[in-house]
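Take this sequence and fold it.
(2 chains)
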Amino acid sequence: MDTATLGIWSAAIMTLFLYSYIFVDNPFFKFAEHAYIGVAAAYGMVLQIDNMIRPTIKTKLLVQGQWILIIPIILGLMIYTRYFKSINYIARYTVAFMVGVGAGVVLARDFRASFMLQVADTMRSVTGPGGVENLIVMVGVVTTLTYFFFTLEQKGFVGVTAKIGRWTMMIALGAAFGNTVMARVSLFLGRVQFLLGDWLGIL
Amino acid sequence: MWQKLQNVDRRVIYVLMMIVCVYALLNPMGLPISINETTRMAYDKIQALQPGDIVWLGYEFSAGGVPELVPAIKATAKMAFEKGARIVSGTMWLEGQNLGGAALREMADLQGKVYGVDYVQIGYKPGGQVFLERAVDDLWDAAVGIDENGADLATLPLMEEVKSMAAFDLIFIYCTGNPGDKEYVKIVGDRLNVPICSSVVSVSVPESMPFVRSGQLAGLLMGMRGAAEFEILAKIPGNAVSGMDAQSLSHVLIIVFIIVGNLAFLLGGKKGGRV
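Down below sits the predicted model:
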């Protein structure tokens, strides 16, 4: 048996083990679940070492002499102090640094691309081509925001607007659920195609 | 009867779903697949490529995205290579390197493309948004100077023309979550004037659609349906096209479940069912 065939058989058996869970929890499912976690962890570690850690130390640090990289390396190693109770507070400096950098990167980009441009996009002309669609988007955004506006009591005009907002959200959730169903069916179809085609060869 | 239907064993539903999917796959009906506007937009972007242009493919997905995204990668690669374009790929997702990389290699081999000259795979690079921020200015540095096999980027002729993300004429992302197309829109799209197209799993469609409307995404393939449309446009009908009959039939079955479930709830004394 060559490695490709062995791979197909392993994947097919693991797939069947995992799908057996929908009928009843069983040891085969547990085995496949634990094997997946173990393999995924090992695979991730190897890729991290090969694709980033080793070339960073070998090439950038030792060959190119980018000694500034010692700082993030030390910050990374500091994370492991959490395993030592007396000095575990040191790990917090690394976490604080990561949170700070992460927040800076995200906020700087998010504000314009995900907020300002999207807000601007709701302010399109409701006359002319696409006017009806623009109107639906505008009404949907305004009424949904009104639903989350708690300063005024939600009755009268504000109440009706908030109710429309609630219906808008329910329609959006329905659409999202429909897409979720489609995604899950696609996942299942992928495995069935694999089992019938690659494994059994009847597709 | 309605009371019984409220408490139907979920395993019955699973078995019915399996039967429908397997039947539809073994007996294809060839239901028509029309081309969506957002798919056509992405197709037009590929057709606008000139010989020598360079395309970035981002495999931002895990194993769960394979049925919906790998067919789209194959179709994109085939069309791009046919236009004479070259491809550089990478991923911020661990599993993307092997899953997406295999699809591109398959298409490249079919068309006799040479690694390093016609296409390069830099593979998995950690960092997420931070990687993208760096890649916009210096892709070599963000990739730590190596491709997926550890080869020095300086030894790959194509990479001489690709110092940063600004070198690309088109960016095509295949994603199942974050980091994904939204990060590309925010970081790459916001800084560079490069069209970005995306292929997403169905569950992510509502999140990505606003970016198409605002023009931040130049095209969008929506789940397996979008991949099937792309396969048809690329003239390589494969797993996505063959899966659409099963997809459609399973949706009919789910609609029937929902109608029957609601009827059972309304006519069965409104006692609610077992969840």
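
counting contacts, what elements does the helix or strand containing residue B:23 pack onto?
Element membership for residue B:23, per DSSP states H and E: helix B:10-26. Packed against helix B:10-26, as judged by 3 or more Cβ pairs under 8 Å, 6 or more residues apart in numbering or on different chains; DSSP states H and E, are the following elements: helix A:156-193, helix B:239-267. Any C-beta I mention is one placed from the backbone N, CA and C, and that applies to glycine too.

what helices or strands is the shortest one leaning on?
The reference is to helix B:239-267. Here helix B:239-267 touches helix A:156-193, helix B:2-6, helix B:10-26, helix B:66-82, helix B:223-234, going by 3+ Cβ pairs under 8 Å, 6+ apart.

and the longest one, which residues are buried?
It refers to helix A:156-193. Judged by neighbour count (16 or more other Cβ atoms under 10 Å in any protein chain shown), helix A:156-193 contains these buried residues: A:161-162, A:164-165, A:168, A:176, A:178-193.

ok, back up a step: average pLDDT across the helix holding residue B:23?
Here helix B:10-26 scores 93 as its mean pLDDT.

neighbouring contacts of it?
Residues from elsewhere that reach helix B:10-26 (Cβ atoms under 8 Å, 6 or more residues apart in numbering or on different chains): A:22-23, A:185, A:188-189, A:192-193, A:196, A:202-203, B:242-243, B:245-246, B:248-250, B:253, B:257.

Can you give me the domain boundaries for chain A?
As recorded under automatic domain parsing, the domains making up chain A are A:1-65, A:67-121, A:124-203.

Of all residues in chain A, which one is closest to chain B?
Closest residue of chain A to chain B, Cβ to the nearest Cβ: residue A:190 (2.8 Å).

residues touching residue 144, list them.
This is for chain A. Counted by Cβ under 8 Å, 6+ apart, residue A:144 has contacts A:165, A:168, A:169.

Let me rephrase: I mean chain B.
A:51, A:52, A:55, A:56, A:59, A:60, B:125.

Contacts only, for residue B:127.
Applying Cβ under 8 Å, 6+ apart, the residues contacting residue B:127 are B:92, B:134, B:142.

Distance of it relative to residue B:156?
21 Å (Cβ to Cβ, to the nearest Å).

How about residue B:84?
19 Å.

what about those two, which has more around it?
Set side by side, residue B:84 and residue B:156 show more neighbours around residue B:156, with 19 against 12, by other Cβ atoms under 10 Å in any protein chain shown.

What sits closest to the more buried one if chain neighbours are left out?
residue B:116 (4.1 Å; Cβ to Cβ, 6 or more residues apart in numbering or on different chains).

The one you found: what's it in contact with?
By Cβ under 8 Å, 6+ apart, the residues touching residue B:116 are B:155, B:156, B:157, B:158, B:159.

switch the cut-off to 10 Å
Residues counted as contacts of residue B:116 (Cβ atoms under 10 Å, 6 or more residues apart in numbering or on different chains) are B:147, B:151, B:153, B:155, B:156, B:157, B:158, B:159.

Does the first one touch residue A:50 like I think?
To tie it back to what came earlier, the one meant is residue B:147. No. The pair residue B:147 / residue A:50 is not scored as a contact, 11.3 Å apart, by Cβ atoms under 10 Å.

Could you check how many residues crowd around residue B:185?
Number of residues near residue B:185 (other Cβ under 10 Å) recorded here: 23.

So what does the closest residue to it other than its chain neighbours look like in phi/psi?
Nearest residue to residue B:185, sequence neighbours excluded (Cβ to Cβ, 6+ apart): residue B:216, at 4.7 Å. The phi and psi values for residue B:216, taken as degrees, to the nearest 10, are phi -80, psi -20.

cool, and the one 5 residues further on?
With angles defined as degrees, to the nearest 10, residue B:221 shows backbone torsions of phi -100, psi 120.

Pull out the buried residues from the worst-scoring helix or strand of chain A on mean pLDDT.
The helix or strand of chain A with the lowest confidence, counting by mean pLDDT, DSSP states H and E, is helix A:90-110 at a mean of 88. Using 16+ other Cβ under 10 Å as the burial criterion, the residues of helix A:90-110 that qualify are A:91, A:94, A:105, A:106, A:109, A:110.

So it, near chain B or not?
Yes. With Cβ under 10 Å from any Cβ of the partner chain as the measure, helix A:90-110 is seen reaching chain B through A:98, A:101, A:102, A:105, A:106, A:108, A:109, A:110.

what about that helix, distance to the chain center?
Distance of helix A:90-110 from the chain centroid (Cα atoms, centre = their mean, to the nearest Å) equals 19 Å.
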